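S.K.: Pasting the sequence and the predicted coordinates here, then a few questions.
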Amino acid sequence: MSLYSVCSKRFSQQLIHGQALLARRLVHRKALPSPPSISQLETPEHGRAAREWLIHFKSAATVPRDLVELTFSRSSGPGGQNVNKVATKVTARCRLSAPWIPPWARESLMRSPCYVKSSDSLLVASSATRSQALNVDDALSRLHHLVAECASRLIPGSTSEEQRQQVAALRKADAQRRMKEKSHRSAVKRSRSNKDWD
């Protein structure tokens, strides 16, 4: 494989990735919904409110720029003179106590690799493309995905009637199996005690 084909393949991959990010950027951005002020999801009402918030949060698709602190630096890796001259690497920082981050997800976010303990914030960096604007969009969408993933991990799912019936049937079958095992064991013990050894 020649150097030209390797470079053109890499460039086409970056171009496709950049076009996908640009398409996401051009999509109408919605304002982020404010999460319910629930620290623990203990009741079904809390679960419903959290699920409803998550649906609206996911429809926003990305975090608006004004809610995070963006810093720019020179990117590492291949790129020729562009790497040496242009600050394309983007770092998005957001305090964990930001009002748009749900309180129940904060503990889970603290365990993520993007959490910085010294500043109590989330830090997401992107240097995926040679374009600063596309890297900004990538960092913001990755931050959005991280918050959505950690928040949804703790939201209990709603149970359908079919699932309830399946669980009831499994419990009934387990109870019958356990009773059968107990009666078998009881019969074995009874047969040992009724023997006449004279």
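M.R.: Cool, the structure landed.
S.K.: So, low pLDDT: which residues of the protein?
M.R.: Low-confidence segments of the chain, defined by pLDDT under 70: 1-30, 77-84, 158, 195-198.
S.K.: try 80
M.R.: Scanning the chain with the threshold set as pLDDT under 80 gives 1-34, 37-42, 75-86, 156-160, 193-198.
S.K.: Show the residue spans covered by the helices in it.
M.R.: Counting by DSSP state H, one finds helices in the chain at the ranges 3-26, 44-60, 81-85, 106-110, 132-153, 161-193.
S.K.: and L96, which of those helices is closest to it?
M.R.: helix 106-110 (5.6 Å; CB to CB). Where you see a C-beta, it was placed from the backbone N, CA and C, and this is true even at glycine.
S.K.: Buried residues in that closest one, which are they?
M.R.: Using 16 or more other CB atoms under 10 Å as the test for burial, helix 106-110 gives 106, 108-109.
S.K.: okay, the helices of the chain in TSV with distance to P35 next?
M.R.: Listed next are those as TSV, based on distance: least, CB to CB, whole Å:
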stretch	distance to P35
helix 3-26	23
helix 44-60	5
helix 81-85	39
helix 106-110	10
helix 132-153	8
helix 161-193	27
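S.K.: between the buried residues of helix 106-110, which is closest to S152?
M.R.: S108 (9.9 Å).
S.K.: roughly how far apart are the closest residue to the closest one other than its chain neighbours and I101?
M.R.: Distances taken as CB to CB, 6 or more residues apart in numbering place C150 nearest to S108, at 4.2 Å, with adjacent residues excluded. Going from C150 to I101 by CB to CB, to the nearest Å gives 9 Å.
S.K.: which residues do these two both contact?
M.R.: Listed contacts common to C150 and I101 are L109; contacts here mean CB atoms under 8 Å, 6 or more residues apart in numbering.
S.K.: and the residue sitting nearest the centre point of the chain, how far is that from V86?
M.R.: Per CA atoms, centre = their mean, the C-alpha nearest to the average position across the chain is that of E149, at 1.9 Å. Distance of E149 to V86, given as CB to CB: 31 Å.
S.K.: now the buried residues of helix 106-110 as CSV including distance to Y115?
M.R.: As requested, the buried residues of helix 106-110 are arranged in CSV below (distance: CB to CB, whole Å):
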residue, distance to Y115
R106, 10
S108, 10
L109, 6
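S.K.: Out of the residues you listed, flag the one nearest to A60.
M.R.: Looking across the buried residues of helix 106-110 and measuring by CB to CB, the closest to A60 is L109, at 17.5 Å.
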